[in-house]
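J.: What follows is a predicted structure for the sequence shown.
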Amino acid sequence: MNRPVLLVVLCSLTASLAAQQSGAPAFEVVSIKASSRDLFSPNLEAEDPCSQAVPRLTGRTLASSTTTLYALATLAYNPWKQSAGACAFAMRADLISGGPPWAKSQRWAVQMLLPEVADLAAYEGW
């Protein structure tokens, strides 16, 4: 399975899990593109798949310009119901294993638009 298809599947699963847990509808639109190194901040630790990878909620949009598939998987699996530190904790505890090596290294720019009827409070920890 190629990388963009795998990311679309993971974003769909993340939205589906969030919808099941909160009763919120799925995303209206999702945009996924390979991230440009020009978008990386000087503080981004390239070897850390969690470094600056968590999408942020602004209005109805969840977005990150430097996320990894691994970070998105930790959000989809996230039993802690929070984003702050969840990715790093999952990595330290080795809760998510397997997958191709690029899942932790390739950076992606993602934007996910929530429907107008979405309960934004359900996404606040992201």
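T.: Right, received. Where do you want to start?

J.: When you work out contacts or count neighbours from here on, use the C-alpha atoms and nothing else.
T.: OK.

J.: The spatially most central residue of the chain and residue 119: what is the separation?
T.: For the chain, the residue nearest the mean C-alpha position is residue 72 (3.1 Å; C-alpha atoms, centre = their mean). Residue 72 is 20 Å from residue 119, where distance means C-alpha to C-alpha, to the nearest Å.

J.: Next one: residue 69, what pLDDT does it get?
T.: pLDDT recorded at residue 69 is 92.

J.: neighbours around it, how many?
T.: 25 (other C-alpha atoms under 10 Å).

J.: hmm, back to that, go ahead and list the helix or strand containing the residue nearest to the centre of the chain.
T.: helix 69-77 (DSSP states H and E).

J.: other SSEs contacting that helix?
T.: On a contact count with 3 or more C-alpha pairs under 8 Å, 6 or more residues apart in numbering; DSSP states H and E, helix 69-77 meets helix 3-22, helix 86-92, helix 102-105.

J.: per-stretch mean pLDDT over these, give me the minimum one.
T.: Comparing mean pLDDT across the helices and strands packed on helix 69-77, the weakest is helix 3-22, with a mean of 54.

J.: Residue 33 and residue 68 touch, don't they?
T.: No: checked against C-alpha atoms under 8 Å, the pair residue 33 and residue 68 is beyond contact range at 11.4 Å.
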